[in-house]
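Novice: Compute the structure for the input listed below.
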Amino acid sequence: MTEVFTIESEDSGKRLDVYLTERLISHSRSQLKEKIEIVKLNGKKAKLGKHVKTGDIIEVVFREFAPNHIELKPEEMNLSILYEDENVLVLDKEQGVVVHPAAGNYSGTIVNGLLYYLGRAAGNFRTGIVHRLDKDTSGVLIVAKNSKTQEYLASQFKARTVGKEYVAITMGVPEQDRGTIETYIARDTTDRKKFHCTYGSGKLAKTFYKILSVYGNYSLIALYPKTGRTHQLRVHMKHLGTPILGDPVYGKKDTFFPDASLMLHAYKLKIKIPGCDEPVTFRAPIPNRIKSILKNLHDIKVSL
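Specialist: So this is what the prediction gives:
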């Protein structure tokens, strides 16, 4: 299994092991040697202590067998396919499904399902994953079926020309109907699986938001990330003082909806695909978990 990364200017000067640990957040630096078979820097084998610079291409080949000899295997899954042609596959990812195999999740991932659906063997499968959604986030996920398409799609994400729209239900109402949140985001020093906003360290993160509807102390919000940082929307909504309802990491348990799961959904993705001169917009229908909460909020609003 192989993944390819391109070094951006903000990561220039970092050691390879530091960079990969930041990108592969479920791996610690001490685990990298165990889980990675080969690392190539601009097509040549490189040591993890090597420093990188802007524009470098990093190719990471993972071992076929994960720790404890768990083999990554094709698995039949109920993939919700929104669109498919010879180059791309567009999915509506369900909440609770992990996109990419990592520590503790070597089974039941989107990649396992793709191995089965596309009839590929783990040893020669280049994932085709060019962007990710958190486990608890549902919605549009585009996958490349071949290397040329993977590079084409990845270049658009790198250039930030891809249009992304999410919908979220938040606890609380932003002071402004619309606005831009621009901060730096860095890993939490006490919990490496969490991130927080900063004003000088970390990576620049930018999100535009627009309130679609207000239900008392809850909001339905459209979110348009202009960058693609890990947990960006969840961290930015917390920073705004309106955490996403059901967020187990950055939110808090809600009195009215104590069993709510993360109310965040990747609704639209606008991107160019091979064979189309203009960008194509893919939509993933609003899931029932969000519709149900909205109905309850509407009923409460009407009864007030």
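Novice: only C-alpha atoms for contact and neighbour calcs from this point on.
Specialist: Will do.
Novice: residues near G119, how many?
Specialist: Using other CA atoms under 10 Å, G119 has 11 neighbouring residues.
Novice: Low-confidence ranges, the stretch 51-200 of the chain, go.
Specialist: Within the stretch 51-200 of the chain, the segments meeting pLDDT under 70 span 63-72, 103-104, 120-127.
Novice: just the helices in it please.
Specialist: Along the stretch 51-200 of the chain, counting by DSSP state H, counting those that start in this stretch, helices occupy 110-117, 147-159.
Novice: Between those, which one is closest to I300.
Specialist: Closest to I300 of the helices of the stretch 51-200 of the chain, according to CA to CA: helix 110-117, at 37.2 Å.
Novice: Could you list every helix and strand in contact with the closest one?
Specialist: Judged by 3 or more CA pairs under 8 Å, 6 or more residues apart in numbering; DSSP states H and E, helix 110-117 is in contact with no other helix or strand.
Novice: What residues sit buried inside that helix?
Specialist: By 16 or more other CA atoms under 10 Å, the buried positions in helix 110-117 come out as 110-116.
Novice: ok, now stretch 74-88?
Specialist: Buried residues in stretch 74-88 (16+ other CA under 10 Å): 74-75, 82, 87-88.
Novice: Export that stretch to CSV, keeping only CA atoms.
Specialist: The C-alpha trace of stretch 74-88 is given here as CSV (Å, rounded to 0.1, in the frame of the first residue of the first chain):
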residue,chain,number,x,y,z
PRO,A,74,-10.2,-7.0,0.5
GLU,A,75,-13.6,-6.9,2.3
GLU,A,76,-17.1,-6.7,0.8
MET,A,77,-18.7,-3.5,1.9
ASN,A,78,-21.9,-1.6,1.1
LEU,A,79,-20.2,1.3,-0.6
SER,A,80,-22.7,4.1,-1.4
ILE,A,81,-21.6,5.1,-4.9
LEU,A,82,-22.6,8.5,-6.2
TYR,A,83,-20.7,8.4,-9.5
GLU,A,84,-18.3,6.1,-11.3
ASP,A,85,-16.3,6.1,-14.5
GLU,A,86,-13.1,4.5,-15.7
ASN,A,87,-11.0,7.0,-13.7
VAL,A,88,-12.8,8.0,-10.6
